[in-house]
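Enquirer: With the input below, show me the fold.
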Amino acid sequence: MSDQKKFSIEWGGRTLEISTGSLAQQANGSCVVRYGDTVVLCTATMGGVREGLDFFPLQVDFEERMYAAGRIKGSRFIKREGRPTDEAILSGRLIDRAVRPLFIEHMRNEVAVVATVFSHDQENDGDVPGLIGAACALAMSDIPWDGPIAAVRIGRKDGQWILNPTYAEVNTGDLDLVVAGGNGKTIMLEAGANQLPEADMEAAIAWAHEQLAPVIGLIEKVQRETGKPKINLFAPKTDEQRAEQEEHERLHAMAREFMTSAEATTLFAEPLKTKADRKTAVTKLKVALETHLTTQQVSKEKRKMAMDIVDEFVDGEITRLILDKGWRADGRALDEVRQLGATVGTIPRTHGSGLFDRGSTQVLSTVTLGSPGMEQTLDTMEFQMKKRFFHHYNFPSYSVGETKPNRGPGRREIGHGALAERAIMPVLPDRETFPYTIRVVSEVLGSNGSSSMGSTCGATLALMDAGVPIAAPVAGIAMGVASDKDGTRFRVITDLQDLEDGEGGMDFKIAGTRSGITAIQMDTKTHGIPMDVVRETLKMGHQARLTVLDTIEACIPAPRAELSRWAPRIESFRINPDRIRDVIGPGGKIINEIIAECKVEIDIEDDGLVMITSVDPEGMQKAVDWVRQLTREVAVGEVFTGPVTRLMDFGAFVEILPKQEGLVHISELSPERVNSVRDVVNIGDMVTVKVYEIDSMGRINLSIKRLDPNWKPSEFDNDRGPRRGGAGRPFRR
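Expert: Numbering: from 1, shown residues only. Okay, the predicted model is just below:
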């Protein structure tokens, strides 16, 4: 604790504090970030090399703790945290996408970055403090990492930018944007917006960069005062290692010389329009290189060492050709979208379906509509709430021509599903207009670039096919970039496909309507994208999005006027909130009787909104009538026919509505004097009565004699005596 240091700045009206030297000191780097009363411990740890890997094994986790918000998990049976929530996974992916590009590409040491939320103030989201802390932990550690970077959240309300908005400010505004980067370069973007014009989004990103400088300065100060020297992982430590490194370089040079020869370049003469085309061409190149090295008397072991450069070489050549000649591997222009296709109604018994094709990316989306009671209950560290719209994304291995076991949705599936969900949400009808719970499932049947944006388009088609009255169609497109190693040249490309997303590339997904942007997700394999490239990307992405929307609207120009015949119907109406108990009944007896007999689902809000869901029109109408009768407000002058339920010396009780009675006083049974109630009616008799009075205690007084249009008051009308029974309450059973 004696080495504890604290560093802070005022930022967005609150104090951003980074403390070091107290917690998690066995990690390579650790710090605690506090913003408001949200506190996050961030650690960075490096392990040894994992042999045989062809990728960098970075693991980033965002750990939510229920105690951080002073809550205990709501489940009756499981009280400790288990698998991470979708929100925690999305926060972890956000941090991952920001820090990953700044590691050395060929690094194979295991690295774990963990952000653990210790305190959550219900106002400040922990993801931005977690990202800042992750960047600080990496910067001050001895792990090779080319930071620092910073992150900021930007909101907007009434046309004014908000720095690090609270949850309430985000919910009432029209923008939720997270920007990570530094020195004017963007490394990561994540945004949800309410159809924000491109010019406004560009201005928001530019303003965000102005707010990053103080945070980067703070991290640099922490690094100067507490940082460790960086380890050089690739410097040879022995003569043997030095010789091995030189041999690698010699073999790679030999491989490159062959792959740039006329013999090798002819293998790529045909356009590579699909992922299969690329795999075939690369396989041919590897076979040709293997043959060439064999003729050069290179041993099998050394041939293997030379072959590991092929994929990197192919990616580099694709980038070089785009930069130097504006030539793409599939023959398209830089701003050209692949062939598009859209179909609706492809699945007969779903409530809505849409099939979207873009090149060899193919997504089938379906819609299922359910009752309001089918909403998902979220029980997270941040909040407890209900969710009425959810989009689920499935990515089977056959979509990329591979085989692997299906282990359920992973982090990628959750992230891509959430992105399409966020893109669609701004155009959904409100709950009052369309009270259904809506589930969209996107099945990726083929993937060669941006299946998440394909899912956004497929979801739009399916929702309109289902008759969901969305405000406008939403389309998505993935933009890319080719750049050289020193970051001096950039060329933006439209409709990114798989083989164009290599080193020096960018995946900039933009979804929206004709009016503006609803979602953005951007990550890069560079050290950052300058603002002029962001500007050009937004401009070209807008034009591409309009092209995709043309295809969607040519298929189905507007949501269908009617729901599918297989979809349930919901009848919504309001009752007096004081009468809700009459529908529920003691212990739920009455409502359960209605549900069982009418085969419906009933949801009742505290404000008296009743929503009855059924696929059977007759059952629906019966349930609606039943509830309306139970809660109907009786008015003086109304006429009812009902059974006599009880007899008293002073009169007869008649059920005029379900479970609701009124009294026919003995003096109201007949125009003439009646000596005994049983002389006129008996229990079970069906009688027609008229409401002539509702007294100050809500009791309903009925009459038979007043049904006669010629009736006139007589001397007997005041000979009633006191009314007994009911204890001063309306007669409701």
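Enquirer: show me where pLDDT drops low in the stretch 251-400 of the chain?
Expert: Applying pLDDT under 70 to the stretch 251-400 of the chain flags the ranges 267-269.
Enquirer: Can you show me the strands along it?
Expert: 340-344, 352-358, 361-370, 376-379, 384-387, 389-394 (DSSP state E, counting those that start in this stretch).
Enquirer: Against which helices or strands is the longest one packed?
Expert: Helices and strands touching strand 361-370, by 3 or more Cβ pairs under 8 Å, 6 or more residues apart in numbering; DSSP states H and E, are strand 352-358, strand 437-446, helix 451-466. Any C-beta I mention is one placed from the backbone N, CA and C, and that applies to glycine too.
Enquirer: do the second one as well
Expert: Contacting strand 352-358 under the criterion 3+ Cβ pairs under 8 Å, 6+ apart are the following elements: strand 340-344, strand 361-370, helix 451-466.
Enquirer: buried sites along the shortest one?
Expert: Same thing as strand 340-344. Leu340, Ala342, Thr343, Val344 (16 or more other Cβ atoms under 10 Å).
Enquirer: okay if I get the helices and strands packed on strand 361-370 as a markdown table plus mean neighbour count and distance to Asp695?
Expert: Shown next, in a markdown table, are the helices and strands packed on strand 361-370 (neighbours: other Cβ atoms under 10 Å; distance: least, Cβ to Cβ, whole Å):
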| stretch | mean neighbour count | distance to Asp695 |
| --- | --- | --- |
| strand 352-358 | 27 | 54 |
| strand 437-446 | 22 | 44 |
| helix 451-466 | 30 | 51 |
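Enquirer: for the strands of the stretch 251-400 of the chain, which one sits closest to Trp11?
Expert: Proximity to Trp11 (Cβ to Cβ) singles out strand 384-387 among the strands of the stretch 251-400 of the chain, at 28.4 Å.
Enquirer: Can you tell me the strand partners of that closest one and which way each runs?
Expert: strand 376-379 (antiparallel) (DSSP bridges).
Enquirer: Off-centre distance for the strand it pairs with?
Expert: Between the centre of strand 376-379 and the centre of its chain there are 13 Å (Cα atoms, centre = their mean, to the nearest Å).
Enquirer: Next: stretch 323-337.
Expert: 33 Å.
Enquirer: mind listing what's buried in that stretch?
Expert: Neighbour-count burial for stretch 323-337 [16+ other Cβ under 10 Å]: Leu323, Arg328, Ala329, Asp330, Arg332, Leu334, Val337.
Enquirer: ok, back up a step: looking at the helices and strands packed on strand 352-358, which is closest to Ile683?
Expert: Among the helices and strands packed on strand 352-358, if distance is taken as Cβ to Cβ, the winner is strand 361-370, at 44.4 Å.
Enquirer: quick one, that closest one and helix 451-466 angle?
Expert: 40 degrees (axes from the mean of the first three to the mean of the last three Cα atoms, to 10 degrees).
Enquirer: from the buried residues of strand 340-344, which single one is nearest Ala255?
Expert: Leu340 (38.5 Å).
Enquirer: beta partners for that closest one?
Expert: Beta bridges link Leu340 to Arg358, judged by DSSP bridges.
Enquirer: could you measure it against Val548, distance?
Expert: Distance, Leu340 to Val548, using Cβ to Cβ, to the nearest Å: 6 Å.
Enquirer: list residues touching both of the two?
Expert: Common contacts of Leu340 and Val548 (Cβ atoms under 8 Å, 6 or more residues apart in numbering): Arg358.
Enquirer: Contacts only, for the residue nearest in space to the middle of the chain.
Expert: The centroid of the chain falls nearest to Ala418 when counting by Cα atoms, centre = their mean (3.2 Å). By Cβ under 8 Å, 6+ apart, the contact set of Ala418 is Asp86, Leu90, His391.
Enquirer: Same question for Ala567.
Expert: Taking Cβ under 8 Å, 6+ apart, one finds His351, Leu369, Ala466, Gly467, Val615 in contact with Ala567.
Enquirer: now Asp335
Expert: Ile493, Thr494, Met540, Gln543, Ala544.
Enquirer: The last one: which element?
Expert: What that stands for is Ala544. helix 531-555 (DSSP states H and E).
Enquirer: Residues in contact with that helix: which ones?
Expert: Residues contacting helix 531-555 (Cβ under 8 Å, 6+ apart): 184-186, 198, 201-202, 205-206, 209, 335, 337, 340-344, 356, 358, 457, 460-461, 473, 475-477, 479, 481, 490, 492, 494-495, 506, 508, 510-514, 529.
Enquirer: do you know how far the nearest residue to Ile470 once chain neighbours are set aside is from Gly126?
Expert: Nearest non-adjacent residue to Ile470, counting by Cβ to Cβ, 6 or more residues apart in numbering: Val427, 4.4 Å away. Plainly put, Val427 is 29 Å away from Gly126 if you go by Cβ to Cβ.
Enquirer: Would you indicate which residues of the helix ranked longest in the chain are buried?
Expert: Scanning the chain for the helix with the most residues, using DSSP state H, yields helix 198-226. Residues 198, 200-202, 204-205, 207-209, 211-212, 215-216, 218-220, 222-223, 226 are the ones in helix 198-226 that count as buried (16+ other Cβ under 10 Å).
Enquirer: Ok, stretch 509-525 next?
Expert: Buried-residue list, stretch 509-525, by 16+ other Cβ under 10 Å: 509-513, 516-525.
Enquirer: which among the residues you listed gets closest to Asp54?
Expert: Distances from Asp54 to the buried residues of stretch 509-525, taken by Cβ to Cβ, are shortest for Lys525, at 15.2 Å.
Enquirer: And the closest one, what's its pLDDT?
Expert: For Lys525, the pLDDT comes out at 92.
Enquirer: likewise Gly21?
Expert: Reported pLDDT for Gly21: 93.
Enquirer: List the contacts of stretch 396-414.
Expert: Outside stretch 396-414, the residues touching it (Cβ under 8 Å, 6+ apart) are 86, 89-90, 92-93, 275-276, 279, 362, 392-395, 417, 443-448, 451.
Enquirer: Repeat that for stretch 135-142.
Expert: 18, 20, 27-31, 33, 42-44, 46, 98-99, 102, 113, 145, 147-151, 219-220, 222-223, 226-231.
Enquirer: same check, this time on stretch 577-592
Expert: 575, 593-594, 602, 604, 606-608, 610, 627, 630-631, 659-660, 732.
Enquirer: can you rerun that using 10 Å?
Expert: The contact list for stretch 577-592 (Cβ atoms under 10 Å, 6 or more residues apart in numbering) reads 575-576, 593-595, 602, 604-610, 623, 626-633, 657-660, 730, 732-733.
Enquirer: Can you give me the first-to-last residue distance of that stretch?
Expert: 19 Å (Cα to Cα, to the nearest Å).
Enquirer: again with stretch 74-91
Expert: Its start and end residues considered, stretch 74-91 measures 22 Å (Cα to Cα).
Enquirer: For it, list every residue counted as buried.
Expert: Quick answer for stretch 74-91 (16+ other Cβ under 10 Å): Pro84, Thr85, Asp86, Glu87, Ala88, Ile89, Leu90, Ser91.
Enquirer: Make JSON lines from these and add secondary structure and distance to Ala235 to it.
Expert: Below are the buried residues of stretch 74-91 laid out as JSON lines (DSSP: H, G, I helix; E, B strand; the rest coil; distance: Cβ to Cβ, whole Å):
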{"residue": "Pro84", "secondary structure": "coil", "distance to Ala235": "37"}
{"residue": "Thr85", "secondary structure": "coil", "distance to Ala235": "42"}
{"residue": "Asp86", "secondary structure": "helix", "distance to Ala235": "42"}
{"residue": "Glu87", "secondary structure": "helix", "distance to Ala235": "41"}
{"residue": "Ala88", "secondary structure": "helix", "distance to Ala235": "38"}
{"residue": "Ile89", "secondary structure": "helix", "distance to Ala235": "37"}
{"residue": "Leu90", "secondary structure": "helix", "distance to Ala235": "38"}
{"residue": "Ser91", "secondary structure": "helix", "distance to Ala235": "36"}
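Enquirer: That's all I had, so thanks and see you.
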